[in-house]
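S.K.: Build the 3D model from these lines:
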Amino acid sequence: MDYIIETHNISKIYGDFKAVDSINLKVPKNSVYGILGPNGAGKTTLISMLCTILHPSLGTATVNGYDVMRNSKEVRKSIGVVFQSRALDDILTGREHLEMHAALYGVPSELRKKRIEEVLDLITLGDKADEYTKTYSGGMKRRLEIGRGLIHHPKVLFLDEPTLGLDPQTRENIWDYIQELNKKEDITVLMSTHYMEEADKLCDEVAIMNRGHIITSDSPKNLKRKFRADVITMKVDNEEKFIKEAEKLDFIKNIVIVDHEIKMMVESGENFVAALVNFANKNNIIVNSIELEHPNLEDVFIDYTGKRIIEEA
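M.R.: Below is the predicted model:
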């Protein structure tokens, strides 16, 4: 397989704190690759090293075949970057933003106008191109930032929390744009996110990151398939007693408490819902609620860490 990003034990250390700890990644060319984890997991630090903004403390990385330390100029020519913090000038129009970045990235003047129109069409902002960005909605601003990162035909587009702070409908619209540009622009997208649904919907492969480490990586489908369990969530009046007794049940693969909810990983969970209610009653434990869910990426994260991503954040 052809990999466009590779890291070898890359680390970023601040004193005694390892923000990124010996990470090894291989990102296939023309894929959408997700780094999924809570705020503080090291996602932005990792992306910053791959973009040559930060120097690794240890290890190496290549982007589009170029070493991030020895060939930083070539790396920067190969990438587009959209960070989670907004970086637009309110007194410029959308078109002016694109013109400025096209000039900064050395897009030949004779090609600039055509490329700007292509990008405006891709991000569907043609009818708003000559309006000041201070009049744009949050979703329009995000689309413009993504378009700005595409202006010079990069091989890799880095998106750091691309839909942070957007409403659910706008978030889904941005997802559609990301999928479309991945196909139309023949571009690799590496994105960080703490939204489970975002990683599940968009990414060909996901690396789950926590406290500077990559815990596991695979396609969302395979991660959930490896999980091979449904999740039964219960609320009871005596959590400690229930868990102590339930740990003796051989059909429960794993059991944790998350936000005062008992989560049990069980194969063919529909066969055990009634049994668990009866089990609680026999042990004089009151069941307040019980729910069966098929596994999602949050369940995979909980299985590895014992916590929700929001708790880690």
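
S.K.: Can you classify Ala19 as helix, strand or coil?
M.R.: strand (DSSP: H, G, I helix; E, B strand; the rest coil).

S.K.: can you check Thr170 too?
M.R.: From three-state DSSP, the assignment for Thr170 is helix.

S.K.: ok, it touching Lys141?
M.R.: No - if you go by Cβ atoms under 8 Å, Thr170 and Lys141 don't touch, sitting 10.3 Å apart. In this view, the C-beta of every residue, glycine as well, is placed from N, C-alpha and C.

S.K.: Those two: which has the busier surroundings?
M.R.: Neighbours were counted for Thr170 and for Lys141 using other Cβ atoms under 10 Å; Lys141 has more, 20 against 17.

S.K.: Let me see the contact set for the more buried one.
M.R.: In this structure, Lys141 makes contact with Arg86, Leu88, Thr133, judged by Cβ atoms under 8 Å, 6 or more residues apart in numbering.

S.K.: List phi and psi for the spatially most central residue of the chain.
M.R.: When Cα atoms, centre = their mean is applied to the chain, the residue found nearest the centroid is Thr193 (2.7 Å). Phi and psi for Thr193, reported as degrees, to the nearest 10, are phi -160, psi 160.

S.K.: number of nearby residues for the residue lying closest to it once chain neighbours are set aside?
M.R.: Of all residues not flanking Thr193 in the chain, Ala199 sits nearest, at 5.5 Å (Cβ to Cβ, 6 or more residues apart in numbering). A count of nearby residues for Ala199, using other Cβ under 10 Å, gives 27.

S.K.: Gly42 now?
M.R.: As a burial measure, Gly42 scores 25 neighbours (other Cβ under 10 Å).

S.K.: Show the model's pLDDT score for it.
M.R.: We have a pLDDT of 94 for Gly42.

S.K.: distance of it from Ala207?
M.R.: Remark: distance between Gly42 and Ala207 (Cβ to Cβ, to the nearest Å) = 11 Å.

S.K.: Also Gly306?
M.R.: Counting by Cβ to Cβ, the separation of Gly306 from Ala207 is 19 Å.

S.K.: Give me the more crowded residue out of these two.
M.R.: Between Gly306 and Ala207, Ala207 has the larger neighbour count (other Cβ under 10 Å), namely 25 against 13.

S.K.: Domains in this protein, by residue range?
M.R.: Domain assignment for the chain by automatic domain parsing gives 3-224, 230-294.

S.K.: one step back: so the residue nearest to Thr193, which of the three states?
M.R.: Three-state call for Ala199 (three-state DSSP): helix.

S.K.: That one and Thr163, how far apart?
M.R.: Computed as Cβ to Cβ, the Ala199 to Thr163 distance reads 11 Å.

S.K.: Could you do Ile10 as well?
M.R.: 26 Å.

S.K.: now swap in Leu92 and tell me
M.R.: Distance of Leu92 to Thr163, computed by Cβ to Cβ: 23 Å.

S.K.: So between these two, which is more surrounded?
M.R.: Of the pair Leu92 and Thr163, Thr163 is the one with more neighbours under other Cβ under 10 Å, namely 24 against 15.

S.K.: Next up, the contacts around the residue lying closest to that one once chain neighbours are set aside.
M.R.: Excluding its sequence neighbours, the residue lying closest to Thr163 (Cβ to Cβ, 6+ apart) is Arg171, at 4.1 Å. Counting by Cβ under 8 Å, 6+ apart, Arg171 touches Thr163, Tyr195, Glu198.

S.K.: so can I have CSV of those residues showing distance to Pro28?
M.R.: Shown next, in CSV, are these (distance: Cβ to Cβ, whole Å):
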residue, distance to Pro28
Thr163, 23
Tyr195, 22
Glu198, 19
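
S.K.: Kindly give the local confidence score, pLDDT, for the residue sitting furthest away from the middle of the chain.
M.R.: Distance from the centre of the chain peaks at Lys282, with 43.5 Å (Cα atoms, centre = their mean). Looking at Lys282, its pLDDT is 94.

S.K.: Give the burial count for His244, as a bare number.
M.R.: Residue 244: Lys, not His. Lys244 has 11 nearby residues by other Cβ under 10 Å.

S.K.: again with Leu249
M.R.: Around Leu249 there are 14 residues (other Cβ under 10 Å).

S.K.: Assess the claim that it and Phe279 are in contact.
M.R.: Yes - counting by Cβ under 8 Å, Leu249 touches Phe279, with 7.2 Å between them.
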